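J.: Sequence and computational prediction follow.
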Amino acid sequence: MAATRHVLDYPRFLGRLLWMSTDGSWRFYTWMTVLTAICLVGANAWARQLVEGMALTGMSDHVSWGLYVANFTFGVGLAAGAVMMVIPAYLYHDHEMHDVTLVGELLAVAAIALSLLFIVVDMGHPERAWHLIPGVGRFNWPVSMLTWDVVVLNGYLLLNLHICGYLLYMRFLGRKPRKRWYLPFVFLSIFWAVSIHSVTAFLYSGLGGRPFWNSALLAPRFIASAFITGPAFVILLLQVIRRFTGLPIGEGPQRTLTSVMRVTVLLNLFMLGSEVFTAFYTGGAHAGPVRYLFFGLHGHHALVPWIWTAVACNVASAVLLHLPASRRRVTVLNVACVLAFVGVWIEKGMGLIIPGFVPSTLHEMVEYVPTVTEWKITAGIWAFGLMLLTVAVKVALPVLSGQLAAQAAQAENPSQEEEQRAAA
Amino acid sequence: MNDFTRRTALKGAGATLGAAAFAHAMAPLTEWTKDLSLDEFLQRHYKELTPEEMQVILRRLEEETKREYGRDVTIQDLPPQEGVSFGYALNLSVCIGCRKCAEACHQENNHDRRSGNSYIRVLEMEQGSLDLERGNADYDHAVPAPGKYYLPVQCHQCDNAPCVKVCPVQATWKEQDGVVVVDYNWCIGCRYCEAACPYHARRFNWTKPEVPAEEINPDQGYLSNRIRPQGVVEKCTFCLHRTRAGRLPACLEACPTGARVFGNLLDPKSPIRWVLENKRVFVLKEELGTRPRFFYFFDK
Ligand code: SF4
Ligand code: SF4
């Protein structure tokens, strides 16, 4: 009986959210219009890439993955790190964190969507994606690590959609969420967050022919940097939310996340240092890619500016986070977060993917520089991810703060809603 | 209420505008979908096709080649022969680095003419070193150069092939006669195999291959040298459209020095067996455990 009601009510709830998501101030409309425009530029570039072929990218048979896979890797890390805030909330019963975990989960959803899109645009034949459907296509599971990634990423997406959807729906109905309907999933998602980034690391570290990736340290490095970018993004996001919605978010979550970052930035630098030491002290074939990355090799230097920018950003953010000022002045903290985000984006993106291919397996030096097409598509996907996040956060917050509830929905009185927002 | 309807109208206008802009952005796709037939889209994996279905597909591909490249070709699907397992060996003492094999591969396998693609790369190596890092594939001078020797590299048809392991959709696999093949109509173009291969043996079709009609090799195989679609991976197949019919690989026939030895590993009287039994052979990157079927040896 109750179940059949939900079958009708839940879609109605989703429809209501969708309708609401298109309401907003002029600031919101401007923001969304700009993002839409960027998205369209990306979509157009992708359509052309499909027609004319991947030759429009800077990739070659020597460097067969580039900017797309770099962003994919980073996106997975962001998704894993976003759920970071769930750990203190549920494992240590930090109540202030409880209120903001939803924001983390929404970020995870957007980041996974972004990662999956980066895979789609990297495929030569995206229309053949059905070959990946178990039972219908030929899913090479469990042998291929890529199939593991498909499983864990989609599983993670569903998991987080369920948690967010359920919690919001209960608030909407004005009911207390039932623990057994979400708590097991929350714990599962913590475990799952670690798994998505580990599996993504195994994708690379399992390749014996690529010494740069063939390191057991890769998965731990991925996890450490995920726990930098996730918290960094959430710290900034919470401030934006507080500013534009007036939702009372305490200082607690920010403090917790900052202390997480203080540890992980150092951990990340330490592991990077260990890799660099091993490569250079051993020398030989292992040193080639690392030398290329940091100093250039045989007159090829394309990555050198990238990686030193990353190192500078990472070191600067580590220093800033440990200055007492980062506790007092939020600007210092924000700068540190932005630096950390950019630093990891480069280091776990271009700085990780490209040296796997240069020098090539036959030790040829062929460099890679992303083309305009690649930048357009990349920007388009990021814009899409931000749109998704904006809409998700925007519709979730009124539900959370109780402005949108089942009763109000039945009254169907939008002007009243307007007033409420104006008042807020 | 007034405000409500105005808002609805505005949203409607916004949605229409957005949809129109989106359609415009995706307009190039019409050309792409024109090339994509439903049969092709729904085609199942090579191993799931009945012989009759395969015949239909082969005729369709022949027609397509005729339409798009203006050449009558025969595409066959020769099965591996019973009791045959292929192996290849290369005598580094006599190879002079002339790259005739690479050129023959380019023609035999209908490679894209603009990129000058070939499944074989010849490295110019320094005497006294097997370190690939000191090799050079871009040499451009009279050969053989003093103090150098030459190392042609192509797919080693590994028995423990990393490329096969990583493919998420089993679009690439090892056949009974030892050849690692790709179903070009099943590959999704993720290029994971290209990242996994330790010998730079795989190539991606970054564009639609361009081959003038008169240069097309009309003797083609479904799993080997038919003209590949854009956006899929390809590789050396030991010329299986030739070797499964009892002929030798094109690269071997083109070699002026007789450096190449090909044959059936299961036949005790084959030349390849003689080489394996009488020469001190080695394989590249043995430590990776890929177990290649491509062997190198020095005479002296
Ligand atoms: S050489 Fe490369 S492409 Fe050929 S079988 Fe081995 S791993 Fe695969
Ligand atoms: S590019 Fe094709 S053959 Fe290679 S791993 Fe991907 S789907 Fe398999």
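T.: Right, received. Where do you want to start? Residues are numbered from 1 along each chain as shown, chains lettered A, B, ... in the order given. Ligands and ions are numbered 1, 2, ... in the order given.
J.: Please enumerate the strands of the stretch 51-200 of chain B.
T.: B:74-76, B:86-91, B:121-126, B:148-153, B:172-174, B:180-182 (DSSP state E, counting those that start in this stretch).
J.: of all those, which lies closest to A:Ser21?
T.: With C-beta to C-beta as the measure, strand B:172-174 is the member of the strands of the stretch 51-200 of chain B nearest A:Ser21 (43.5 Å). Quick note: C-beta positions are derived from backbone N, CA and C, even for glycine.
J.: The closest one near ligand 2 anywhere?
T.: Yes - Strand B:172-174 comes into contact with ligand 2 when judged by C-beta under 6 Å from any ligand atom, the residues involved being B:Thr172.
J.: quick one: that strand near chain A?
T.: No - figure legend: strand B:172-174 not in contact with chain A (C-beta under 8 Å from any C-beta of the partner chain); closest approach 9.6 Å.
J.: who touches the spatially most central residue of chain B in this structure?
T.: Nearest to the mean C-alpha position of chain B, counting by C-alpha atoms, centre = their mean, stands B:Lys235 at 1.7 Å. By C-beta atoms under 8 Å, 6 or more residues apart in numbering or on different chains, the residues touching B:Lys235 are B:119, B:155, B:163, B:172, B:180, B:182, B:201-203.
J.: So what's the predicted local confidence for it?
T.: pLDDT for B:Lys235: 98.
J.: B:Asp219 now?
T.: 97.
J.: What is the neighbour count of the closest residue to A:Leu266 other than its chain neighbours?
T.: Once flanking residues are discounted, A:Leu266 sits nearest to A:Ala318: 6.0 Å by C-beta to C-beta, 6 or more residues apart in numbering or on different chains. Under the neighbour criterion other C-beta atoms under 10 Å in any protein chain shown, A:Ala318 is assigned a count of 21.
J.: Next: A:Leu389.
T.: A:Leu389 sits with 20 neighbouring residues when counted by other C-beta under 10 Å.
J.: you'd agree it is in a helix?
T.: Yes - assignment of A:Leu389 by DSSP: H, G, I helix; E, B strand; the rest coil places it within a helix.
J.: I'd guessed it sits against A:Ala108; true?
T.: No - contact status for A:Leu389 versus A:Ala108: not in contact, 10.1 Å apart, counting by C-beta atoms under 8 Å.
J.: hang on, the earlier thing: with B:Ile57 as the reference, measure out to the residue nearest to the centre of chain B.
T.: The gap separating B:Lys235 from B:Ile57 is 21 Å, by C-beta to C-beta, to the nearest Å.
J.: what are the phi and psi angles of B:Asn264?
T.: Torsion angles at B:Asn264 (phi, psi; degrees, to the nearest 10) stand at phi -90, psi 120.
J.: Show me what it is bridged to.
T.: Counting by DSSP bridges, B:Asn264 forms beta bridges with B:Phe86.
J.: wait, it sits on B:Ile272?
T.: Yes - with contacts counted by C-beta under 8 Å, B:Asn264 reaches B:Ile272, the gap being 7.1 Å.
J.: Find residues that contact each of those two.
T.: B:Gly87.
J.: Contact partners for whichever residue of chain A sits closest to chain B?
T.: Among all residues of chain A, A:Gly124 sits closest to chain B, at 2.1 Å; criterion: C-beta to the nearest C-beta. Residues touching A:Gly124, when contacts are defined by C-beta under 8 Å, 6+ apart, comprise A:54, B:187-191, B:204-205, B:230-233.
J.: and B:Trp274, how many residues sit next to it?
T.: When counting by other C-beta under 10 Å, one arrives at 14 neighbours for B:Trp274.
J.: Secondary structure element for it, which one?
T.: Secondary structure assigned from DSSP states H and E places B:Trp274 in helix B:271-278.
J.: Show me what that helix is packed against.
T.: In this structure, helix B:271-278 packs against strand B:86-91, strand B:260-264, strand B:294-297, with contacts taken as 3 or more C-beta pairs under 8 Å, 6 or more residues apart in numbering or on different chains; DSSP states H and E.
J.: Pull out the CA atoms of that helix and give them to me as PDB.
T.: Output for helix B:271-278, consisting of C-alpha atoms alone and laid out as PDB, is shown next (Å, rounded to 0.1, in the frame of the first residue of the first chain):
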ATOM      1  CA  PRO B 271      62.700 -23.700 -40.600                       C
ATOM      2  CA  ILE B 272      61.500 -21.900 -37.500                       C
ATOM      3  CA  ARG B 273      62.000 -25.000 -35.400                       C
ATOM      4  CA  TRP B 274      65.500 -25.400 -36.800                       C
ATOM      5  CA  VAL B 275      66.300 -21.800 -35.700                       C
ATOM      6  CA  LEU B 276      64.900 -22.300 -32.300                       C
ATOM      7  CA  GLU B 277      66.800 -25.600 -31.800                       C
ATOM      8  CA  ASN B 278      70.100 -24.500 -33.300                       C
END
